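Asks: pasting a predicted model and its sequence here:
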Amino acid sequence: MLEGWVKLYRTLTENDLWLEKPFSKGQAWVDLLLITNHKKGIVKIKNGLTFPVKRGECGYSILGLADRWGWSRGKVDRFLLSLKDEKMISITDIKTDTKTSSKMDTLNRSVIKVIQYEEYQGTDTKTSSKTGNKTDTKRTLNGHKQECKEGINLLHKLIQGGLKIQKEFMPIIEDWLDYKKDRKEIYKSEKGLKAFVNRLVKFSSGNVESAKEIIETSMANGWKGIFELKTPQKNSENHSGYVENFLPVMAIKAEKEAKEQEKLKKAFENIKTRQQASDFICARLLSVLGNANKEDEFWERHWVVELEKTYKITKEQIYKKLKNNGG
């Protein structure tokens, strides 16, 4: 087993190579050690509030860590909880003295304390190397084994086998693998994991934000798998239906009405006698009888009014004629 010390300067946390995202779990653990306060300090939060941090404590919020490591909030949450379960860190909720403030959410507004910080950073080389390094090495190996069990190794095999995955999709997929591990639903074959990746790409149309929303929706609902997002496409569907179905129908109807109007115009122009005018009105009126609104509109049409005035025809005469004819 390896023993001894490797000194790391905190300026490493500003190196572009170190900050390349997404972080691995081992990298995140080391990064947490590097950004942990080595002396007392004060951390500012929203609304001008502050809280003190001691040596060995970290004042980063869950959102800050998610942004720093290139992870989702859920993945950071689960990672910190796993460290807590391994007794590598402790987590304390932040409390304020203001009357309007309430206790902050766990892990979102909290102080993260590295339990064996003094052993990692102490001057007693013999003691520290035996206790700190052994514990750290053991836990790092455990973390590596967990990653393998989560399907990370299968994912890399798929990539090596030719499966193309966007770099931005990697932390999203790893977040899902963490979730499946917690549910004890680990992918055991490349075929199953490949099917998941293909479905994620298909459902998200290759969009990173959509993929992230799909994963977070499934995790929030405790679903076993992923599903396509239900996006409001009602308007576009209606528009598509309107173009494909309604417009052709309207075109046919308009053409038919145009022919009827032309026929009506010729018939109207051929009227020469009172009898012809009366027959013409009766024929047209039969098509609207039974509908009060249309019947009222019928008698207001300009050509009906014109025929009534020209040939001295009244409504009563027309209805009497229709009745006598059995209309």
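Replies: Noted; the coordinates are in hand.
Asks: can you give me the strands for the stretch 201-327 of the chain?
Replies: Per DSSP state E, counting those that start in this stretch, the stretch 201-327 of the chain carries no strands over any range.
Asks: low-confidence regions, it specifically.
Replies: For the stretch 201-327 of the chain, applying pLDDT under 70 flags the ranges 231-253, 292, 326-327.
Asks: any chance you could map the helices in it?
Replies: 208-221, 234-241, 247-269, 274-285, 292-300, 302-311, 315-324 (DSSP state H, counting those that start in this stretch).
Asks: grab the nearest non-local neighbour of the residue most central in space within the chain.
Replies: Centroid-nearest residue in the chain: Glu213, 3.5 Å away (criterion: C-alpha atoms, centre = their mean). Excluding its sequence neighbours, the residue lying closest to Glu213 (C-beta to C-beta, 6 or more residues apart in numbering) is Leu229, at 6.3 Å. All C-beta spots, glycine's among them, are computed from the backbone N, C-alpha and C.
Asks: for the one you found, what are its contacts?
Replies: Counting by C-beta atoms under 8 Å, 6 or more residues apart in numbering, Leu229 makes contact with 203, 210, 213-214, 217.
Asks: closest to Tyr60 among those?
Replies: Relative to Tyr60, the closest of these is Glu213; by C-beta to C-beta it sits at 24.8 Å.
Asks: got the domain ranges for this protein?
Replies: Listed domain ranges for the chain are 10-145, 152-221, 271-327 (source: automatic domain parsing).
Asks: distance to Glu262 for those domains - can I get that in JSON lines?
Replies: Putting the domains of the chain into JSON lines (distance: least, C-beta to C-beta, whole Å) gives the following:
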{"stretch": "domain 10-145", "distance to Glu262": "67"}
{"stretch": "domain 152-221", "distance to Glu262": "50"}
{"stretch": "domain 271-327", "distance to Glu262": "14"}
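Asks: Leu155 against Ile173, yeah?
Replies: Yes. Counting by C-beta atoms under 8 Å, Leu155 touches Ile173, with 6.5 Å between them.
Asks: identify the contacts common to these two.
Replies: 165, 197.
Asks: neighbour count winner among the two?
Replies: Higher neighbour count among Leu155 and Ile173: Leu155, with 23 against 20, using other C-beta atoms under 10 Å.
Asks: let me see the contact set for that one.
Replies: Contact analysis of Leu155 by C-beta under 8 Å, 6+ apart lists 165, 173-174, 177, 193, 197.
Asks: now the buried members of those residues.
Replies: Among the contacts of Leu155, those scoring as buried are 173-174, 177, 193, 197 (criterion: 16 or more other C-beta atoms under 10 Å).
Asks: so what's the residue of the chain most remote from its centre up against?
Replies: In the chain, Thr273 marks the outermost C-alpha relative to the chain mean, sitting 73.3 Å out by C-alpha atoms, centre = their mean. Contact partners of Thr273, counting by C-beta under 8 Å, 6+ apart, are Tyr311.
Asks: that one and Leu163, how far apart?
Replies: 87 Å (C-beta to C-beta, to the nearest Å).
Asks: on that earlier part again, any idea which of the buried ones among the contacts of Leu155 is closest to Val114?
Replies: Glu174 (23.6 Å).
Asks: so the closest one sits right up against Arg78, yeah?
Replies: No. Here Glu174 lies out of contact with Arg78, judged by C-beta under 8 Å, at a distance of 11.1 Å.
Asks: how about Arg55, secondary structure?
Replies: Using DSSP: H, G, I helix; E, B strand; the rest coil, the secondary structure recorded for Arg55 is coil.
Asks: same question, Ile91
Replies: Under three-state DSSP, Ile91 comes out as strand.
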